[in-house]
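# Let me see the structure of the following:
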Amino acid sequence: MKSFLIVLACVLSQTLAVAQVDTTQRVAPNRKNSPEQQQKPYVILISADGFRYDYADKYQAKNLLALREQGVQAESMVPAFPTKTFPNHYSIVTGLYPAHHGLVNNYFYDPQRKESYSMRERSKVEDGRWYGGTPLWVLAEQQQMLSASFFWVGSEAPIQGILPTYHYQYSEVMPMEKRIQTVVDWLNLPEERRPHLITFYLPEVDHAGHRYGPDAPETKQAVQELDTHMKQLTDAVATTGLPVNFIFVSDHGMLHIDTENTLPLPAAIDTAKFMVSGGGMVVELHAKNKKAIRSTYRQLKEEATKYQVYRKKNMPRHLRYGKKDDRYGRIGDILLLSDAPKVFHFSSRKPSPGTHGYDACQVKEMHATFYAWGPAFRKGVKVPTFENVEVYPLIAKLLGLTFDHKIDGKGKLLKEVL
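Alright, predicted model coming up:
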């Protein structure tokens with residue numbers, strides 16, 4: 001009887017936890033597409049988190065392979081540094097590098113605010129003051145074009161005071177069938193209330209890659225399940241008869257790391273003098289007293305093994321993560337970058353076998369995926385590798401949205417793919 005009660009308590013607690021997840025659709029009131037915007041095409045931007053550039057071929061994702069043949073595929077897409085989820089999802093929808101839009105990592109410290117951002121803290125995730133740039137949904141709403149989002153980074157915060165017309169609080173309990181049906185329901189709304197930009201985020205492949213590594217059968221299964229969902233989504237959207245363009249991307253790749261010989265926090269770092277932020281591939285040191293920077297930097301340079309040491313002012317230029325790029329003052333005074341496949345690890349628990357975050361110019365496994373198909377795209381085209389900040393001007397062009405603010409994307413894709 002006692003064991004039965006324990007099991008019952010566990011089941012009830014899990015049920016309660018699920019019940020507490022908010023799956024209510026949030027709808028901004030009193031918004032309509034302008035008559036001009038009602039004539040525009042439709043874009044569904046899909047991100048499969050952690051879907052490495054070679055996964056579709058490696059694991060024979062037959063539906064994605066067929067869809068990309070109907071449109072455009074890139075050899076790969078280069079994520080911004082650091083190759084983490086939050087910075088890169090936000091780079092894709094702002095056209096800005098992380099140091100330019102302010103979301104410099106999944107977790108980071110802001111010396112000006114004397115506060116840390118965490119992707120796991122709802123109060124931070126929903127605080128629009130952390131987010132710079134103009135996300136695509138904000139650009140659309142400013143021009144009286146409605147937008148909708150399923151879980152995209154930044155879509156839960158009022159950025160410049162604006163949320164997507166339709167959005168959800170992030171959760172992983174909603175069945176895929178319901179998510180797909182919601183997209184179809186959005187597209188079946190009356191023209192004045194129908195979103196023309198939909199952002200759609202899928203985390204499952206990233207979860208498998210972290211937990212089991214990029215070469216594991218579980219990761220293959222996650223890729224193939226996602227592939228099935230893509231067919232379900234495209235078939236369901238086709239029933240609407242609308243001119244919908246699909247862009248399928250990922251934020252970064254995945255690498256099997258050395259889990260046995262991890263890097264500890266170097267002895268030269270005095271935590272009384274520095275705030276330590278990050279871990280894994282990038283450790284950032286924020287000096288509490290700037291006088292401590294030079295001596296600590298020198299000592300770290302002398303001791304460094306299996307990692308590189310930089311001051312913010314001498315970071316490699318191609319990373320766009322140094323002093324000149326640090327618009328929000330959120331990058332550390334000293335940075336430690338581990339050499340692949342090494343990671344910094346400060347816990348007694350063994351790290352998961354798969355991860356990401358390295359310089360994509362040095363580690364090809366960090367490269368992401370880009371496929372696009374639909375009435376606006378050329379067919380059977382393969383383009384060379386490009387940076388993910390190029391997606392923003394591409395979608396703006398597709399939707400006929402204008403902007404005069406400066407971005408890092410140069411519009412290089414437009415002539416090649418449209």
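
# Could you report the pLDDT at residue 23?
What the model reports as pLDDT for residue 23 is 87.

# actually residue 7, not the one I wrote
At residue 7, pLDDT is 47.

# And the one 5 residues further on, by the same measure?
According to the prediction, residue 12 has pLDDT 48.

# Residue 202 now?
Residue 202 carries a pLDDT value of 97.

# quick one, what contacts the residue nearest to it when sequence neighbours are not counted?
Nearest non-adjacent residue to residue 202, counting by C-beta to C-beta, 6 or more residues apart in numbering: residue 48, 4.9 Å away. In this view, the C-beta of every residue, glycine as well, is placed from N, C-alpha and C. Applying C-beta atoms under 8 Å, 6 or more residues apart in numbering to residue 48 gives the contacts 202, 205, 226, 248-250, 369.

# List of residues touching stretch 278-292?
Contact partners of stretch 278-292, identified using C-beta under 8 Å, 6+ apart, comprise 82, 105, 107-109, 111, 265, 269-270, 272-277, 293, 296, 331-338, 340, 343-346, 355-358.

# And for stretch 88-97?
Around stretch 88-97, the neighbours that count as contacts under C-beta under 8 Å, 6+ apart are 45, 47, 79-81, 98, 101, 103, 131-137, 152-154, 199, 201, 249, 251-252, 320-321, 325, 368, 388-393, 407-409.

# How about stretch 141-151?
Residues from elsewhere that reach stretch 141-151, judged by C-beta under 8 Å, 6+ apart: 31-34, 36-37, 40, 134, 136-137, 140, 155, 162, 164-168, 170-171, 179, 182-183, 186, 193-201, 203, 399, 401-402.

# Which of these fall in strands?
If you go by DSSP state E, the contacts of stretch 141-151 have 166-167, 197-201 in strands.

# Please work out how many residues are found near residue 402.
By the criterion of other C-beta atoms under 10 Å, residue 402 has 8 neighbours.

# measure it to residue 87 for me?
26 Å (C-beta to C-beta, to the nearest Å).

# Look up phi and psi at the residue sitting nearest the centre point of the chain.
Centre of the chain computed as the mean C-alpha position; nearest residue by C-alpha atoms, centre = their mean is residue 89, 2.7 Å away. The phi/psi pair for residue 89 (degrees, to the nearest 10) reads phi -60, psi -40.

# Confirm for me that residue 381 is in contact with residue 72.
Yes - taking C-beta atoms under 8 Å as the definition, residue 381 is a contact partner of residue 72 at 4.7 Å.

# joint contacts of these two?
416-417.

# Comparing the two, which residue is more hemmed in?
Legend: neighbour count by other C-beta under 10 Å for residue 381 and residue 72, higher for residue 72 (24 against 16).

# Please tell me how far that one sits from residue 83.
23 Å.

# now swap in residue 296 and tell me
Going from residue 296 to residue 83 by C-beta to C-beta gives 26 Å.

# the more surrounded of the two?
Neighbour count, other C-beta under 10 Å: between residue 296 and residue 83, residue 83 has more, with 27 against 21.

# now the helices for the stretch 301-418 of the chain?
391-399, 414-417 (DSSP state H, counting those that start in this stretch).

# Which of those comes out lowest on mean pLDDT?
Minimum mean pLDDT among these: helix 414-417, a mean of 93.

# could you say what helices and strands that one packs with?
strand 381-383, helix 391-399 (3 or more C-beta pairs under 8 Å, 6 or more residues apart in numbering; DSSP states H and E).

# Could you single out the most deeply buried of the ones you listed?
helix 391-399 (a mean of 22; mean count of other C-beta atoms under 10 Å).

# Show me what it is packed against.
strand 42-48, helix 85-94, helix 136-142, strand 244-249, helix 414-417.

# redo that, cut-off 10 Å
Under the contact criterion of 3 or more C-beta pairs under 10 Å, 6 or more residues apart in numbering; DSSP states H and E, helix 391-399 touches strand 42-48, helix 85-94, helix 136-142, strand 197-202, strand 244-249, strand 370-373, helix 414-417.

# now those in JSON lines, with distance to residue 236?
What follows is the helices and strands packed on helix 391-399, written out as JSON lines (distance: least, C-beta to C-beta, whole Å):
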{"stretch": "strand 42-48", "distance to residue 236": "11"}
{"stretch": "helix 85-94", "distance to residue 236": "24"}
{"stretch": "helix 136-142", "distance to residue 236": "22"}
{"stretch": "strand 197-202", "distance to residue 236": "12"}
{"stretch": "strand 244-249", "distance to residue 236": "11"}
{"stretch": "strand 370-373", "distance to residue 236": "16"}
{"stretch": "helix 414-417", "distance to residue 236": "25"}
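
# so which of these is the most packed in?
Among these, ranked by average contacts under mean count of other C-beta under 10 Å, first place goes to helix 85-94 (a mean of 28).

# That helix: what's the following helix or strand?
Later in the chain than helix 85-94, the nearest helix or strand by DSSP states H and E is helix 98-101.

# which residues touch stretch 54-63?
48, 51-52, 64-65, 67-68, 73, 76, 205, 209, 214-215, 217, 219-235, 248, 250, 253-254, 364-365, 367, 369, 371 (C-beta atoms under 10 Å, 6 or more residues apart in numbering).

# Just the buried positions in it, please.
By neighbour count on 16 or more other C-beta atoms under 10 Å, the buried set for stretch 54-63 is 55-56, 59, 61, 63.

# Average pLDDT for stretch 308-320, rounded please.
Regarding stretch 308-320, the rounded mean pLDDT is 97.

# ok, now stretch 144-164?
Across stretch 144-164, the average pLDDT comes to 97.

# could you list every residue that touches the closest residue in space to residue 90 that isn't next to it in sequence?
In this structure, residue 90 finds its nearest non-sequential neighbour in residue 103, 4.6 Å apart by C-beta to C-beta, 6+ apart. Residues near residue 103 by C-beta under 10 Å, 6+ apart: 84, 86-91, 94, 96, 117, 119, 130-133, 153-154, 328, 330.
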